[in-house]
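Student: here you go, sequence then predicted model.
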Amino acid sequence: MDKLSYYLPCVWTFCACIGFSLLFNIHGAGMFICAGGGALGWLCYLLTGPLVHSDIIQSFFAALVISAWSELMARLRKCPVTSYLLVALFPLVPGGGIYYTMEYAMMGETSQFLSSLLHTLSLAGALATGVLLVSSLMRLFIIYQEKRRARQEGFYGKL
Amino acid sequence: MRRLELDYNKLLCLVGEMGYRLMESGAEIYRVEESIRRLLLAYGVKQGEVFAIPNCIIISLTSPEGQPLTQIRRMPAHGTDIYLLERYNGLCRTLCRQAPPFDQALEQMEAIRREHRVYPVAIRMLAYFLGCGMYALFYGGSAMDGVCGGVCGMVIGLCLDLTSRLGANLFFKTVAGGTVSALTAVLLTALGIGHNQDLIIIGGLMALVPGIAITNAMRDIMAGDMVAGISKGAEALLIGAAIALGTALALGLAGLFMGG
């Protein structure tokens, strides 16, 4: 039972992503791909939790998974990656961090404000790095593929 | 080949329009540049250059007679519309493959705009409710917190629609959204409907957070478009600051009136 409630946020993420994909005017199956990506990412976040004990690293891994999922789906459906990445990344965006940072600033607790600010920025950084890594790899792969295709066409003449 | 009857002015207008519409629906900079470059290649222009930053597209090409032609398109503030983005992206691929006459290509572009489907306002509000409510639960709120978060989300949605109609800028829109949402959350908690005020506010704020800006900034920087990436990154920081400012304003006001 305890395990169930540990994984319950994945369900909330799924529903929330459905809501946000409506807001970005996504129709049809794309909605479920976004939501699936969000839930998958959060599952990864929760699963890596006991291993690394750092929410920044957890965010990084979750961003990797979401990004890979979106790139894969985008290649399969021949759509821009952004369409899936945007919504699926939402649960990783440090909304709570922004709020608590603001609250500490209001209460005048400077040291807590600064540490919370840095933490929020590093969460955003982890998210960005995860996305960046996967899309750089993907780009290399695409360039490699195009080069190979060009070489083959060179061999056999233009098909 | 077809080079003889090609009207380069028309071609420039066509690719300019394509780039404009792609960016308007929320495409990244490198996608806009890449699409325009491919379109130019598809129509047989060897020497075409394109440079885009988040609020401007510059396209230049040299016709075979050696005459340089340039078009600049200024981008107004725009949102993200994935439906349009996917359609225009698909159309761009088709155009690159078939290179149809210009009138036909423009007609296809217009057709996409005519067939544009948006969700009605009621569904959008429902989506705000669902999205924000679920995030309140996600951050650990109770069921009632979820409902309150959803209400805050709807308030944000209404506020964003209203301020967009008035033509407010992004910063002001975000501050206004954050303020009304936090005020609603304070009110709902004071009435005893919600329990955790902070979780409700955070749930509502998810409708405002700069997730898109962070993602797109990173993708642009990775693609080597430093100017675009930096300006989007600055936008993300600005939105974050606006959220904090709006919420702080509301909490300050609430504290003033409730003697907290």
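Tutor: Nice, thanks for sending it over.

Student: just confirm B:Ile57 is within a strand.
Tutor: Yes. Assigned with DSSP: H, G, I helix; E, B strand; the rest coil, B:Ile57 falls within a strand.

Student: tell me the contacts of the nearest residue to it once chain neighbours are set aside?
Tutor: Distances taken as CB to CB, 6 or more residues apart in numbering or on different chains put B:Arg73 closest to B:Ile57, at 4.5 Å, once the chain neighbours are dropped. (Each C-beta comes from the backbone N, C-alpha and C, glycine too.) When contacts are counted by CB atoms under 8 Å, 6 or more residues apart in numbering or on different chains, B:Arg73 touches B:16, B:19-20, B:56-57, B:59.

Student: and B:Lys10, what is it in contact with?
Tutor: B:Phe102.

Student: coming back round to it: assign the residue nearest to B:Ile57 to helix, strand or coil.
Tutor: Criterion first, three-state DSSP; result for B:Arg73: strand.

Student: wait, A:Trp12 touches B:Met134, no?
Tutor: Yes. The pair A:Trp12 and B:Met134 passes the contact test of CB atoms under 8 Å, sitting 4.7 Å apart.

Student: which of the two has more neighbours?
Tutor: Shown here are A:Trp12 and B:Met134; by other CB atoms under 10 Å in any protein chain shown, B:Met134 has more neighbours (29 against 23).

Student: give me the nearest residue to the more buried one, chain neighbours excluded.
Tutor: In this structure, B:Met134 finds its nearest non-sequential neighbour in A:Ala16, 3.5 Å apart by CB to CB, 6+ apart.

Student: my read is that B:Arg219 contacts B:Tyr30, right?
Tutor: Yes. Counting by CB under 8 Å, B:Tyr30 is a contact partner of B:Arg219 at 7.4 Å.

Student: those two: which is more packed in?
Tutor: Between B:Arg219 and B:Tyr30, B:Arg219 has the larger neighbour count (other CB under 10 Å), namely 24 against 17.

Student: is any residue of whichever strand or helix holds that one near chain A?
Tutor: Using DSSP states H and E, B:Arg219 maps to helix B:211-222. Yes. Interface with chain A: helix B:211-222 contributes B:211-212, B:214-219, B:221-222 (CB under 8 Å from any CB of the partner chain).

Student: give me the contact list for that helix.
Tutor: So helix B:211-222 is contacted by A:82, A:85-86, A:89-90, A:93, A:124, A:127-128, A:131-132, A:135-136, A:139, B:26, B:28-30, B:80, B:228-230, B:232-233, B:235-236, B:239 (CB under 8 Å, 6+ apart).

Student: which of the contacts of B:Arg73 count as buried?
Tutor: Among these, those classed as buried by 16 or more other CB atoms under 10 Å in any protein chain shown are B:16, B:19-20, B:57, B:59.

Student: pull the most distant pair out of these.
Tutor: B:Tyr20 and B:Ile59 (10.0 Å; CB to CB).

Student: which one of the residues in chain A is closest to chain B?
Tutor: A:Gly19 (3.0 Å; CB to the nearest CB).

Student: would you say that residue is within a strand?
Tutor: No. Going by three-state DSSP, the assignment for A:Gly19 is helix, not a strand.
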